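Chemist: need a structure here:
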Amino acid sequence: MALIDDATGKLMNLRFSETESAFDYMEATREYLEQHGKTL
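Modeler: The predicted structure follows:
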């Protein structure tokens, strides 16, 4: 899973997982928020 900033095209978070489950998306979101903070 990759989280990419639409405005800049910058890769913000990359996560490898066996499946794309809701739990995996929540973990990726948690990692993003810990690294970059809440979006505006």
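
Chemist: what helix or strand is residue 34 on?
Modeler: Using DSSP states H and E, residue 34 falls within helix 22-36.

Chemist: swap in residue 12?
Modeler: In this structure, residue 12 sits in strand 11-14 according to DSSP H and E.

Chemist: now for that strand, which elements pack on it?
Modeler: With contacts defined as 3 or more Cβ pairs under 8 Å, 6 or more residues apart in numbering; DSSP states H and E, strand 11-14 has these neighbours: strand 2-4, helix 22-36. In this view, the C-beta of every residue, glycine as well, is placed from N, C-alpha and C.

Chemist: with mean neighbour count added, can I get these in CSV?
Modeler: Output for the helices and strands packed on strand 11-14, formatted as CSV (neighbours: other Cβ atoms under 10 Å):
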stretch, mean neighbour count
strand 2-4, 13
helix 22-36, 13
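
Chemist: need the ones you listed in CSV with distance to residue 13, can you?
Modeler: Shown next, in CSV, are the helices and strands packed on strand 11-14 (distance: least, Cβ to Cβ, whole Å):
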stretch, distance to residue 13
strand 2-4, 4
helix 22-36, 5
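
Chemist: residue 11 is nearest to which of the ones you listed?
Modeler: Evaluated over the helices and strands packed on strand 11-14, closeness to residue 11 peaks at strand 2-4, with 5.7 Å, by Cβ to Cβ.

Chemist: what mean pLDDT does that closest one get?
Modeler: Taken as a whole, strand 2-4 has an average pLDDT of 92.

Chemist: again, but for stretch 27-37
Modeler: pLDDT averaged over stretch 27-37 gives 92.

Chemist: would you pull up how far that stretch lies from the middle of the chain?
Modeler: 6 Å (Cα atoms, centre = their mean, to the nearest Å).

Chemist: contact partners of it?
Modeler: 1, 3, 12-13, 15 (Cβ atoms under 8 Å, 6 or more residues apart in numbering).

Chemist: relative to residue 33, how far out is residue 7?
Modeler: Computed as Cβ to Cβ, to the nearest Å, the residue 7 to residue 33 distance reads 18 Å.
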